[in-house]
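1. Next come a sequence and a model predicted from it.
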Amino acid sequence: MIIGIIGSGAMGAGIAQVAATAGHTVHLLDQTAEALVRAEQGIQLSLNKLAEKGKLTAEAVGATMTNLQFTKDYQDFAGCELVLEAIVEDLATKQQVFKQVESVVSAECVLASNTSSLLITSLAAACQRPERFIGIHFFNPAPLMQLVEVIPAVQTRLGLTDEIKQLMQQWGKLPVLAQDTPGFIVNRVARLFYGEAIRMLEEGLADAATIDWAMTELGGFRMGPFALMDFIGHDVNYRVTESVFTAFFYDPRYKPSFTQKRLFEAGYLGRKSGRGFYDYR
Ligand code: NAD
């Protein structure tokens, strides 16, 4: 199976790695050459680490890298059977990208989005053939996280959900069916987790490190809310919060915070920029 992935950031690169490791030819597309170089280096590093831990053989590392093609040209998607998008969390930009994809791929090619918060139905609605559209939502880092939410749109053809669930199982993932509502399962719960933690910080109840410590050491969570938001990136996380809030018709439970907005606008994006709630420099 030939697969196209759009966006070679944290998620796109991770998903490309998973698909290439499963034996597919993968065309990974981004709008900048720099993003593609970063992705190639990141995937190589990630595969090397897996090999060091004995989870992949040196041959498998080589074969995976050979399966990956890096491109800026949509024409390379011509033979793809599945194209999955993982670009910026913005409805209009994603819809525009799928128009470009549909002008190149065959009528049978499945189209998928890794969106965290936008309605799959809204993305499908902008396509000429919305019945081949579906949500496939991975978690970060995609090569390590097993859960994948599979989200059919209202328009998705019967049978496609099961086909994608089977494909995810072949990739070693644990797919779960989710309804097409903002944030699906995990991100809906996570909005309240992050929101309440930020409210506690703003109220001066405790600092970020203390709240994170309480959640990991006492609560048994793998990561505390502030460390996790820094890991996801405040650009991605702020956009997802805004999008879920809007999509739930401004339900105040999902309201973004000024703390989040300020971090985003200052460019304090978390780990990826060296500074967020914590300082990584
Ligand atoms: P990111 O910022 O790391 O990467 C996005 C990439 O998309 C960048 O390389 C950028 O150059 C590229 N891009 C942007 N617009 C483009 C366009 N028009 N055409 C081609 N490439 C374009 O973002 P990310 O964290 O990988 O998130 C991507 C998507 O995955 C978002 O929809 C996000 O909501 C979703 N998601 C993120 C996470 C997470 O934890 N980061 C988890 C699950 C899903």
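-> Looks like it came in fine. Residues are numbered from 1 along each chain as shown.
2. Please make it C-alpha for all contacts and neighbour counts, starting now.
-> Will do.
3. and the protein, which of its residues are near the ligand?
-> 6-12, 30-32, 35, 86-89, 93, 114-116, 138-140, 232, 236 (Cα under 6 Å from any ligand atom).
4. Number of residues surrounding D73?
-> Neighbour count of D73, defined by other Cα atoms under 10 Å: 12.
5. Contact partners for it?
-> Residues near D73 by Cα atoms under 8 Å, 6 or more residues apart in numbering: L29.
6. circling back: please produce a ChimeraX select command covering the buried subset of the residues of the chain next to the ligand.
-> Here is the ChimeraX command that selects only those of the residues of the chain next to the ligand that count as buried (16 or more other Cα atoms under 10 Å):
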select :6,7,8,9,10,11,12,30,86,87,89,114,115,116,138,139,140,232
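7. got the buried residues for the lowest-mean-pLDDT helix or strand in the chain?
-> One helix or strand of the chain scores below all others by mean pLDDT, DSSP states H and E: helix 234-247, with a mean of 93. Across helix 234-247, burial judged by 16+ other Cα under 10 Å covers 234-235, 237-247.
8. How about whichever helix or strand comes after that helix, which residues are buried there?
-> Downstream of helix 234-247, the next assigned helix or strand under DSSP states H and E is helix 258-266. Residues Q260, K261, L263, F264 are the ones in helix 258-266 that count as buried (16+ other Cα under 10 Å).
9. Run the angle between helix 258-266 and helix 234-247 for me.
-> 130 degrees (axes from the mean of the first three to the mean of the last three Cα atoms, to 10 degrees).
10. mind starting the numbering at 35 from now?
-> From this message on, residue numbering opens at 35, which makes the last subject helix 292-300.
11. what about helix 292-300, distance to the chain center?
-> Here helix 292-300 is found 21 Å from its chain centre; the criterion is Cα atoms, centre = their mean, to the nearest Å.
12. Good, we can wrap up now.
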